[in-house]
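Colleague: please find the sequence and the predicted model below.
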Amino acid sequence: MFPYRCAAVAVALAVALAACSSQGGRGDRPVVDERTEALVSLAAAHHKRADLALAQGVRADAKTEMTTLIGAARKAGLTTAEAWDVRFDASGRLARLHLEDEELSEAEAAVVQGLDGADAAPATLVHGHLYQIYGDVLEKKGDARGAVAQHGKAIEVFKVILNRGAP
């Protein structure tokens, strides 16, 4: 079963938590950029459709949902952490689907596409997880050195997160 299945829910939660902590809130409703909120909602819908496709045994449809979501996220051109996470999450899920189906070139392409421009992205858990998935893909392809390098990038992202606000 897909290990990051609830990632879309985590992304939605991250939007709410980030908005509350960084921008304050109005009453019980956090302040969130409406376009980012729309992208996160779009992601939840595509992930749900992918879940339903997988439940029906139609893996190609699940992959199509993730591919469509990645395209929409790129087209939106949003640079918020939450928008990056939508893209990272969908790319990771698509890569995992390909990896499970032994489609290693497609899995690698999904990760590479997801990480395109990621140097400008903020360090988030989903960002780090995409590097881990890349490492898993490279390991499966027999590239141990590349796998170690990608897991190293994941470690660096996680260290940045751990060091935020540290004494």
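Modeller: That came through, no problem.
Colleague: so which bits of the longest helix anywhere in the chain are buried?
Modeller: Criterion DSSP state H: the longest helix present in the chain is helix 34-55. Using 16 or more other C-beta atoms under 10 Å as the test for burial, helix 34-55 gives 36-37, 39-40, 42-44, 46-47, 49-51, 53-54. Placement of C-beta: from N, CA and C, glycine included.
Colleague: name the SS class of E102, please.
Modeller: Put simply, E102 is coil when judged by DSSP: H, G, I helix; E, B strand; the rest coil.
Colleague: work out for me the element the residue positioned nearest the centre of the chain sits within.
Modeller: Closest to where the C-alpha atoms of the chain average out (C-alpha atoms, centre = their mean) is D89, at 1.6 Å. Under the criterion of DSSP states H and E, D89 resides in helix 81-100.
Colleague: need the next SSE after that helix, C-terminal direction.
Modeller: As assigned by DSSP H and E, the chain's next helix or strand after helix 81-100 is helix 104-115.
Colleague: buried residues of that following helix, list them for me.
Modeller: Neighbour count says helix 104-115 has 104, 106-111, 113-115 buried, by 16+ other C-beta under 10 Å.
Colleague: check stretch 63-76 too.
Modeller: So for stretch 63-76, counting by 16+ other C-beta under 10 Å, buried means 63-67, 69-70, 72-73, 76.
Colleague: can you pull the contacts of E108?
Modeller: Neighbouring residues of E108 by C-beta atoms under 8 Å, 6 or more residues apart in numbering: 95, 134, 137-138, 141.
Colleague: can I get those residues in TSV with neighbour count and distance to A83?
Modeller: Shown next, in TSV, are the contacts of E108 (neighbours: other C-beta atoms under 10 Å; distance: C-beta to C-beta, whole Å):
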residue	neighbour count	distance to A83
A95	27	19
Y134	27	20
V137	26	24
L138	22	26
K141	15	29
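Colleague: which among those gets closest to G165?
Modeller: G165 has its nearest neighbour among these in Y134, at 27.7 Å by C-beta to C-beta.
Colleague: verify the contact between that closest one and Q150 for me.
Modeller: Yes. Counting by C-beta atoms under 8 Å, Q150 is a contact partner of Y134 at 4.2 Å.
Colleague: flag the shaky bits of the chain, pLDDT-wise.
Modeller: Within the chain, the ranges that satisfy pLDDT under 70 run 1-32.
Colleague: repeat that for 90
Modeller: 1-32, 165-167 (pLDDT under 90).
Colleague: A123 is in what secondary structure piece?
Modeller: Under DSSP H and E, no helix or strand contains A123.
Colleague: report all helices and strands that the longest helix of the chain contacts.
Modeller: helix 7-23, helix 59-76, helix 81-100 (3 or more C-beta pairs under 8 Å, 6 or more residues apart in numbering; DSSP states H and E).
Colleague: many thanks, we can stop here.
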